[in-house]
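Engineer: need coordinates for the below:
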Amino acid sequence: MENAQITVEKYSKTIEEIERFIEIKKKKPTTFKGIVETIDLSNNILTIRLQSSEQPNLSKGSLILIREDSPLSINERATTKEFYNSNLKLEIKTDPAQFENKKVVIDVERTNVILERLRNIIENIKKGKISRDNARILNFIMGGDKPHYKKEGVRFISKQLNEDQKEGVINSIRAADFHLIIGPPGTGKTYVIEELIEQFTKRNQKLLVTAWTNLAVDNIIKRLPRKEVKNIVRIGPINEIDSEVKKFSIFEKVKEHEGWIEVEGYRKFIDDLSNLLPTIKDEISLVQDGIDKDKDIKQNCNRGLDNLSVEKQKYDELISTPIHNKTLTSLSHINDELSSINGKSETYFSLCNNILQMNELQEQIPGVEHIHKLKNSTRSMKFSLIGREVYSFFSKANIEELKKLKQEYQKNRKYLDEIPELQKKYNHLKKLCGEAADRIYPNGDGIPSSDALNLEFRAYKTLVDEYLPILKEKERSNITRIISEVNQEVYRIYRDYLTKEIELHDLKIKSINTELYIKINRRNALHGQYENIKFSLGFYQKNVDKLIKAIVSDIIDKADLIATTAVSSCHYFLDDIDFDVMIMDEATQVASFMSLLPLLKCKKFILVGDNRQLQPIEDIDISKEMNLSIFNRLFEIYPEASTFLSTQYRMHKSIAQIASELFYEGKLRTSEKVAERMLSLNVGKHQFLNPEVPAVFIDTSKAGYYEDEVGSGCSNTREAKYVANVVSLFIKKGIKAVDIGVVTPYVKQKILIEEFLKNKKIQSVEVDTVHKFQGREKDIIILSFARSKKYSFHNHKLKFIEDESMVNVAITRAKKKLILVGNSETLGHSKLLKDLVNHNRIIKILA
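Structural biologist: Residues are numbered from 1 along each chain as shown. Got it, this is the predicted structure:
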């Protein structure tokens, strides 16, 4: 695309204001940090592992911003491809290599994503990086050119278009630059859009259809005839698309593409490989646990072996230390001395003993006279014994005396026989004593008994003073030596035990080393297998991503119509796509500067909306001009480039007349098909249920239904309860809950009404704010103004609800019955609201 030569200076004021708006409106980022784990250069895909335990609310197609986690880093747009288990796969437009292995920050705040895209557009305008068509459209937006129309015949496809609708179609087809279609409520804007889509498709023109809300985009798609418009593609987050329209989503369309079979083949293979990874990872973990356990055991064994070796070395040293025998004093000389003393003592004791025996014998041997007397006495006894024995033979008397005499005789006889032997012994001992005395006492002096005792005492002293101390020392030495020898033996035994333990530890360590070798090899093999599978997965996934990217590109290239919201038109899928025509519904809700997102993608555009309905929410930070919707902006500059649809097909003619006179200068007409359409109710002349009364104002000024003076916003409890009762009455009379809508300007009032309906167990009645009800319709609409003051108050408090576009939207949602509920005195402070409640088509009753 050739860039246009543009004069940036004429846009400078607008550009500056938009840039200032972008900076003011940037929201606090909703950020999540992560690390880029893989990049796919061929498909511009990043895989990020998020670090936060909280997970962002993302779905396939969600737009986000990504930047490096460092100061002064620049945001890049990205689109969510997949999000699972803290793993986020993004596709970016720029080179993904800039984020390789980097810590990144993603911002999921949608407003910031939109503003970033808008900033990029402004930068391209400032640098002149826009096409000629972009420059031409930009000139129209700035009011610097006049739209052109060409002559071209138009054959209508639909047979149901009225004249205004046909005129709008013709002007839109003939427009070389743009055209505006003003469609008040119920005038069939959607039918015009359908006809235009079919006309442009028939002319093989590539279409971009947008609106401010997903609901409006999806409603257009749901009404399109499939025969005329075949290749429809819906762009946007999948979770924001209507269930009936999801089949047109780019994420569903890719599944219908002929190339998807190949994608599924790859994905099946990827799934099969992926299913292997957890098993291999678990096995790696199991083997690693075994390795860690074996390493711990080995470490303990090595520690034990070191301790055993140190212990063994200590006992080796103890065993190798020789046993030292203490040198002791010899006992030989003492033994010799004792032997000499003992010998002499024996001699003395022998002599003494012989002397004692000799003395004893001498005492036993009687003297010579005694011997003679004993001999004579014994002889006399002998003769006496013989005589008595003879006598006793003849006489038995004196036998006892004879017996005693006989015993005495034998005793004497024995004694006389022993005396010679005793004398002989005595003589022998005497001889021995004499010889011994001569040897011991050659000089004849000495007392053997005293000398013997002296020698014994001397021997005792030698034993006590000399022998025993030496003997004790020797004994102690012997005991020490024995103990040492015993210790040495114990040491040897313990040393041998340590040696065996060391051998066992060596064997155990060798066994563990073998186990470790096997397990480490197994782990490495598994890890290699795991990495190979991951590499294969990456390779096949890259092929899948490349295929999907090619499929998406092919689908978008072949699409007759791309449908998306104005915001999602900045999706990177559409970055390099040029559209022949862009049709924007709800164009009055799209701010001028936000319209740049879709407008700078087309050669010409058709804006459909109603300049008297809701505008973008006014922002005090930008000028009134910039607050205008793109529709109103262009209508003010180029009113001639518009077509007004004057016939409405929604409301009873009375309701339509109120809107026509208040907001459309009486130009809005009602089709005869709906002019008299009323509710099917048989309630007689009931004040507000009467179906023949299409518009009713229930005045609460006398009922004391005053707003709650609590906090900000506005709520009115008694009015909310009253509205719930009105709803209940309609339902009791047979009206379906889904055909009733309750509208209020305030969120707090909406919540109150919902609570009262819930208490009455009423479901399916739609209750919402005016902004949320635009584009909707119901048989019955009840409008609760909520504002109600007992005393006078500042008129600025009515500023919100007296907005013409808001009031217009609120009352034109009703098809058959419009009921307004409010305080006429409070509402009377506003000319618009006073004119509304006092309109001649509205029946006024008191609550």
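Engineer: which residues touch P745?
Structural biologist: Under the criterion of CB atoms under 8 Å, 6 or more residues apart in numbering, the neighbours of P745 are C714, T769, V770, F785, A786, F800, I801, M806, A810. To be clear about C-beta, it is placed using only N, CA and C from the backbone, and glycine gets the same treatment.
Engineer: can you list those residues in TSV and add neighbour count and pLDDT?
Structural biologist: Converted to TSV, the contacts of P745 look like this (neighbours: other CB atoms under 10 Å; pLDDT from 0 to 100):
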residue	neighbour count	pLDDT
C714	22	90
T769	16	94
V770	23	92
F785	29	95
A786	29	94
F800	14	71
I801	23	80
M806	20	92
A810	26	96
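Engineer: next step: the residues you listed restricted to helices.
Structural biologist: Under the assignment DSSP state H, those contribute V770, M806, A810 to helices.
Engineer: what is the neighbour count of G143?
Structural biologist: One way to gauge burial is a neighbour count; for G143, by other CB atoms under 10 Å, it gives 12.
Engineer: against L820, how distant is it?
Structural biologist: Here G143 is placed at a distance of 39 Å from L820 (CB to CB, to the nearest Å).
Engineer: again, but for L180
Structural biologist: Separation of L180 from L820 (CB to CB) stands at 31 Å.
Engineer: got it, and K624?
Structural biologist: Here the distance between K624 and L820 works out to 30 Å (CB to CB).
Engineer: E369 too?
Structural biologist: Relative to L820, E369 is positioned 188 Å away (criterion: CB to CB).
Engineer: more neighbours: which of these two?
Structural biologist: A count of neighbours by other CB under 10 Å puts L820 above the other of E369 and L820, at 25 against 8.
Engineer: ok, back up a step: and which of the ones in helices among the contacts of P745 is nearest I365?
Structural biologist: Checking these against I365 with CB to CB, the nearest one is V770 at 170.7 Å.
Engineer: was I right to think that closest one contacts V809?
Structural biologist: Yes. The pair V770 and V809 passes the contact test of CB atoms under 8 Å, sitting 5.5 Å apart.
Engineer: quickly list what's touching both of these two.
Structural biologist: Overlap between the neighbourhoods of V770 and V809 consists of L614, taking contacts as CB under 8 Å, 6+ apart.
Engineer: which residues touch S569?
Structural biologist: For S569, the set of contacting residues under the criterion of CB under 8 Å, 6+ apart consists of L208, T210, I235, L597, P598, K601.
Engineer: repeat that for 10 Å
Structural biologist: For S569, the contact set (CB atoms under 10 Å, 6 or more residues apart in numbering) comprises 117, 208-210, 235-236, 562-563, 577, 579, 582, 584, 594-602.
Engineer: and what of L833?
Structural biologist: When contacts are counted by CB under 10 Å, 6+ apart, L833 touches F785, R787, L798, I801, E802, V807, L820, G822, S824, T826, L827.
Engineer: what strand or helix carries it?
Structural biologist: L833 belongs to helix 831-837 when elements are defined using DSSP states H and E.
Engineer: now that helix - C-alpha only, PDB.
Structural biologist: Extracted C-alpha coordinates of helix 831-837, given in PDB (Å, rounded to 0.1, in the frame of the first residue of the first chain):
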ATOM      1  CA  LYS A 831     -39.100  21.800  29.900                       C
ATOM      2  CA  LEU A 832     -38.500  18.600  28.000                       C
ATOM      3  CA  LEU A 833     -39.900  16.300  30.700                       C
ATOM      4  CA  LYS A 834     -42.800  18.700  31.300                       C
ATOM      5  CA  ASP A 835     -43.600  18.600  27.600                       C
ATOM      6  CA  LEU A 836     -43.400  14.900  27.700                       C
ATOM      7  CA  VAL A 837     -45.700  14.100  30.600                       C
END
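Engineer: how far does it sit from its chain's centre?
Structural biologist: Here helix 831-837 is found 59 Å from its chain centre; the criterion is CA atoms, centre = their mean, to the nearest Å.
Engineer: and that helix, what's buried?
Structural biologist: Neighbour-count burial for helix 831-837, with 16 or more other CB atoms under 10 Å as criterion, is recorded at L832, L833, L836, V837.
Engineer: still on that earlier bit, with distance to N682 added, can I get the contacts of L833 in CSV?
Structural biologist: Shown next, in CSV, are these (distance: CB to CB, whole Å):
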residue, distance to N682
F785, 30
R787, 35
L798, 39
I801, 35
E802, 37
V807, 32
L820, 24
G822, 28
S824, 30
T826, 35
L827, 32
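Engineer: so which of those is the most crowded?
Structural biologist: Highest neighbour count within those, by other CB under 10 Å: F785, with 29 neighbours.
Engineer: contacting residues for that one?
Structural biologist: For F785, the contacting residues are 697, 700, 707, 714, 716, 719, 743-746, 749, 798, 801, 807, 810, 820-823, 826-827, 833, 836-837, taking CB under 10 Å, 6+ apart as the criterion.
Engineer: swap in 7 Å and give it another go.
Structural biologist: With contacts taken as CB atoms under 7 Å, 6 or more residues apart in numbering, F785 has the following neighbours: I801, V821, G822, L827.
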